[in-house]
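K.L.:
this is a predicted model, with the sequence first.
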Amino acid sequence: MKYNLELLLLSIGLLFVKTLIAQSEKLNVVFIISDQHKLEAVGAYGSDLAITPNIDALAKTGVRFTNCYTPAPVCAPARAALITGMYPYTNGAIYHKAPVTMPDDRIKNIGSGYLRETGYHEGIITLAEIFKQQGYSTASPGKMHVHGELQKNVDEDHKDGNAMGFDETSVRYYTYFPGGHYEDEVGEDTYMRYRQFKKYNDVYKRGSSDLNELYRPTLVKNDEDNFDMVVARKSIEFIDKRAQDGNNFFLYVGFEKPHPPFTTTQKYLDMYNPEDFTLPKTYDDWYVKGKYPWVPNWVHSGLPKDPEKAKHVMAAYHACVTEMDDMVGRVVQHLKDKGLYDNTIIIYTTDHGEHLFEHGLRGKHCMYEDAVNVPFIISCPKLFKQNSINNSLVSFIDIMPTLAELINGKIPETAQGISLVDVLKNGTELKDRVVYSEFRGTDYNLLPKVKNVPSRMMRKGDYKFIYTHGIIDQLYNLKEDPDELNNLIFDKKYQQVYQDMYFQTLVGWKFQKYKPLETILKGNSLSWRPSENFYDYKIYYAESGRPQDAKLIAKNLTNNHFKISKKGSYWLIAKPKLVKTSKFYGEDIPVAVENYFYKLPISDALNFN
């Protein structure tokens, strides 16, 4: 009996040891995401002014991607795409603030955290849930800002809430989250000081308080109560718990800087001299040419008349970058202090960029490179080659399948991205990769009363195409024209590139309110009704039925029908009739529709068998 008991205890001991070994072989993941970090404001990406030693260190110990694109140049849709591994139009979370029809028929824009119905579609597996399925402990201190996340007992129809797979949630920001908000950590007065709300919003009376033209420090009394410091502290507390219990973990760290207001502590302001900054060479582009037809009015910066104030803004922005970088350093150093660094994948990225006067613009909210091309670094010296640069086109939607493969998790069928594990381990670069970004904008100069105008960007090779509904198209060769000043849609040499990217950008793009072109298939005749909104009808065809294989087979169609001769899939595509002109292109070039409409210039696939 004693012998059997000893065997039993030995077996249990061996099982425990095996479990610990299995846990130690699993990789932890620390995913760090900031807000509005300009690619060119990182030392590792070539900046001579940005003080970012901790992010630079991650680049030296990992893989730095030069062509990572956000799925949306605005916070909430970009973050929902990251969490779901799906583009906004497919996961359903397409808005920064979601328009909701109230009982009195008014439209009210609702922020995240209030209603489940305004969020990503139910039934979608999230990034954190993949880790939960593998037994990981999960936490997400800081900014999340995903429509679909809910605290318990907030939405009457979803009383259990939606934790999105996170065991621990704290320090939420821009998301309604009673009990787990930044304000709950620091109190209302500190929260209002940080945001410069209510009685504090007139402190910076000259110029915009958001931009910090006067180069003043934060109003927060205690430096360690600033948002990113609190998030770093919560992250460190979670790491301490995992060091004690040995559980593998996924830690999503949501920093807020360098998002405006561009205020930080005096320590970080003192690290920069505004006189060291110069305005970008494109700072006066729209002042000279006129407002961009495809950029909302309010994004045109209103550059301070005093150039010195603009330098203050640029320096203040970089000071916020350095504050955030310092917090990255705190988290990484604590992993090292607790002996967890060697077994942890660390990722750094941001949700979108910042123009900082490039093109005379501020913020994001359009498809210029400064808004959509973001820093993206993955570090794990035991797995990936250190100090490696990769030029592959990648997207936030690739993060989910990549991490799932790295932890032996199951990639959801809904995921639209690809795993980058081979790219990371072997240093290969993806060829012919296509990535997209999309946006819903309001307050366009030529569409003044239209809300949530959809636009979509496609990047393939050196070319970038942008479709904005009701507004003139854009096509740029980023290798030859990195500042995106020469719109190639007018150049005859690029008409085939233009037409094909136009089709590929529009095909399959479906979302609320907007309908495809209506077509009729009878026998072998494809027909459509004429419309005053469209012209220049064409037919694309793919024998395989796959849109990416489709080729243009007919153009200049004027009789509203087409005879089908081969089995496969067909698409009808057209161009919107543009009428309005603008200062930007002059009176000879129409750039916007006269009357806005809610039909996209492409049909669904017509399958002929």
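P.N.:
Thanks, I have the structure now.
K.L.:
tell me, how many neighbours does the nearest residue to S527 once chain neighbours are set aside end up with?
P.N.:
Leaving aside its sequence neighbours, S527 sits nearest to H561 (C-beta to C-beta, 6 or more residues apart in numbering; 3.9 Å). The way it works is simple: take the backbone N, C-alpha and C, and place the C-beta from them, glycine included. When neighbours are counted by other C-beta atoms under 10 Å, H561 registers 12.
K.L.:
quick one, what contacts H561?
P.N.:
Taking C-beta atoms under 8 Å, 6 or more residues apart in numbering, we find H561 in contact with S525, L526, S527, W528.
K.L.:
could you check the pLDDT of the closest residue to the last one other than its chain neighbours?
P.N.:
What it means is W528. Sequence neighbours aside, T519 is the residue nearest to W528 in space, at 4.9 Å (criterion: C-beta to C-beta, 6+ apart). Looking at T519, its pLDDT reads 94.
K.L.:
for T519, what are its contacts?
P.N.:
Contacts of T519 (C-beta under 8 Å, 6+ apart): L526, S527, W528, L572, S603, D604, L606.
K.L.:
pLDDT weak spots in the protein?
P.N.:
1-24, 204-209, 305 (pLDDT under 70).
K.L.:
max-length helix in it?
P.N.:
In the chain, with assignment by DSSP state H, the single longest helix is helix 307-337.
K.L.:
and that helix, how far out from the chain middle?
P.N.:
20 Å (C-alpha atoms, centre = their mean, to the nearest Å).
K.L.:
ok, the residue nearest to S527 to Y537 distance?
P.N.:
10 Å (C-beta to C-beta, to the nearest Å).
K.L.:
still on that earlier bit, list the buried residues of the longest helix of the chain.
P.N.:
309-332, 334-335 (16 or more other C-beta atoms under 10 Å).
K.L.:
now swap in stretch 587-598 and tell me
P.N.:
Within stretch 587-598, the residues that count as buried by 16+ other C-beta under 10 Å are P590, V591, A592, V593, Y596, F597.
K.L.:
pretty sure T118 contacts I94?
P.N.:
No - using C-beta atoms under 8 Å, T118 makes no contact with I94, being 10.0 Å away.
K.L.:
hmm, who's touching the helix or strand hosting P77?
P.N.:
Following DSSP states H and E, one finds P77 within helix 75-84. By C-beta under 8 Å, 6+ apart, the surrounding residues in contact with helix 75-84 are 33, 35, 70-72, 87-88, 91, 93-97, 112, 119-120, 124, 126-128, 144-148, 164, 174, 351-352, 396-397, 399-400, 414, 438-440.
K.L.:
buried subset of those?
P.N.:
Applying 16+ other C-beta under 10 Å to the contacts of helix 75-84 flags 33, 35, 70-72, 87-88, 91, 93-97, 112, 119-120, 124, 126-128, 144-148, 164, 174, 351-352, 396-397, 399-400, 438-440 as buried.
K.L.:
in strands, which of those residues appear?
P.N.:
Using DSSP state E, the subset of those located in strands is I33, E438, F439, R440.
K.L.:
does the second one have beta-bridge partners, and which?
P.N.:
Note on E438: beta-bridge partners R456, judged by DSSP bridges.
K.L.:
measure the residue nearest to S527 to P576 for me?
P.N.:
21 Å.
K.L.:
also K241?
P.N.:
56 Å.
K.L.:
could you do G142 as well?
P.N.:
Taken as C-beta to C-beta, the span from G142 to P576 is 42 Å.
K.L.:
between these two, tell me which one has more neighbours.
P.N.:
Comparing G142 with P576 by other C-beta under 10 Å, the one with more neighbours is G142, at 29 against 23.
K.L.:
against T428, how distant is that one?
P.N.:
Distance of G142 to T428, computed by C-beta to C-beta: 33 Å.
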